[in-house]
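In: no sequence on this one, just coordinates:
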């Protein structure tokens, strides 16, 4: 049997370049490697921790699934599903809550950051997010999870819960290992000291942006007072962020990109980078429009059924272990 791989993306609005390079593009490569049994889901339960309207949420879920298919996730190769349709995620989350020390959650840096920056929307769901994430992974007994460096703490927490459950109730779960993406984190185009985020649209390049918008955002992207193209993430954050984007789009190393632009300046580099991004996302956007016309509801329903079958079997075994069945 192949090792199981699980990951998901929240439907909270348009996906940006960081989501594409750090997650979606990587998902497709992992699926096509043939190494793993892949489960990719729409993390709609997690997304409820943010402000939304029911109409927006429905549209966001549909758009994200459409984006999955457009990017190349294939329902014949991977299980593609909607988290909220699989009740076992939430039910296992409650069981894991009962073995989670309060102090463990209190130490999570993402909750600290979000509760400080978005204090008006701090809720218990944000605090308990890592437990639901653990349930998302453990209900499929995943061996590996593709993550960026900002999710490593949450995955280590999942491993801790797996060990604790196994110690208390007997061997049940694998301790999932991280599979770090090559583009672990993109920074904001207007402030390279901050992560690229939908909450900062002026520094965020969305994969649905029109060509003129892409060109303008790249032209305005912060670099520095130097004139050479260099990859030095510690000392030259702005240009290094752009080199990282270029290298990921072209499937080259940052060093290779720097060598191409030896002796050239920012104007040439930014023009070419914008061209490469437009070449990548214009066909993507056109394909997405075509898929939308065909309808995708049945594909998602079939994926939900496959995930449900796997999760139900796993959950029955878990219930027996803890004395509920």
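Out: That came through, no problem. As the structure is a prediction and not an experimental result, all values here were calculated from the model.
In: okay, and the helix or strand of the protein with the least pLDDT?
Out: Here the helix or strand of the chain ranked lowest by mean pLDDT, DSSP states H and E is helix 109-117, holding a mean of 73.
In: so where is the stretch 101-250 of the chain shaky, pLDDT-wise?
Out: The model of the stretch 101-250 of the chain has pLDDT under 70 over residues 115-120, 184.
In: in the stretch 51-200 of the chain, which spans are strands?
Out: Counting by DSSP state E, counting those that start in this stretch, the stretch 51-200 of the chain has strands at residues 78-82, 144-147, 177-180.
In: buried ones in the first one?
Out: Going back to what we said before, that points to strand 78-82. Within strand 78-82, the residues scored as buried using 16 or more other Cβ atoms under 10 Å are 78-82. C-beta here means a position set from N, CA and C on the backbone, and glycine is covered the same way.
In: Which residue of this protein lies farthest from its centroid?
Out: Most distant residue from the mean C-alpha position of the chain: residue 263, 36.2 Å away (Cα atoms, centre = their mean).
In: Next one, pLDDT for that residue please.
Out: If you check residue 263, the pLDDT there is 92.
In: Wasn't it part of a strand?
Out: No: counting by DSSP: H, G, I helix; E, B strand; the rest coil, residue 263 is not part of a strand but coil.
In: can I get the buried residues of strand 78-82 in JSON lines with pLDDT and distance to residue 61?
Out: Formatted as JSON lines, the buried residues of strand 78-82 follow (pLDDT from 0 to 100; distance: Cβ to Cβ, whole Å):
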{"residue": "78", "pLDDT": "98", "distance to residue 61": "18"}
{"residue": "79", "pLDDT": "98", "distance to residue 61": "17"}
{"residue": "80", "pLDDT": "98", "distance to residue 61": "12"}
{"residue": "81", "pLDDT": "98", "distance to residue 61": "11"}
{"residue": "82", "pLDDT": "98", "distance to residue 61": "7"}
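In: Redo these as CSV? Include distance to residue 217.
Out: Listed next are the buried residues of strand 78-82 as CSV, based on distance: Cβ to Cβ, whole Å:
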residue, distance to residue 217
78, 31
79, 35
80, 30
81, 33
82, 31
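In: closest to residue 253 among those residues?
Out: Nearest to residue 253, judged by Cβ to Cβ, of the buried residues of strand 78-82 is residue 78 at 27.8 Å.
In: if I read this right, the closest one contacts residue 34, doesn't it?
Out: No: the criterion here is Cβ atoms under 8 Å, and residue 78 misses it with residue 34 at 11.3 Å.
In: all helices of the stretch 101-250 of the chain, in order?
Out: 102-106, 109-117, 124-138, 152-169, 211-220, 237-250 (DSSP state H, counting those that start in this stretch).
In: Show me how far the third one is from its chain's centre.
Out: Put plainly, it is helix 124-138. The chain centroid and the centroid of helix 124-138 are separated by 15 Å, computed with Cα atoms, centre = their mean, to the nearest Å.
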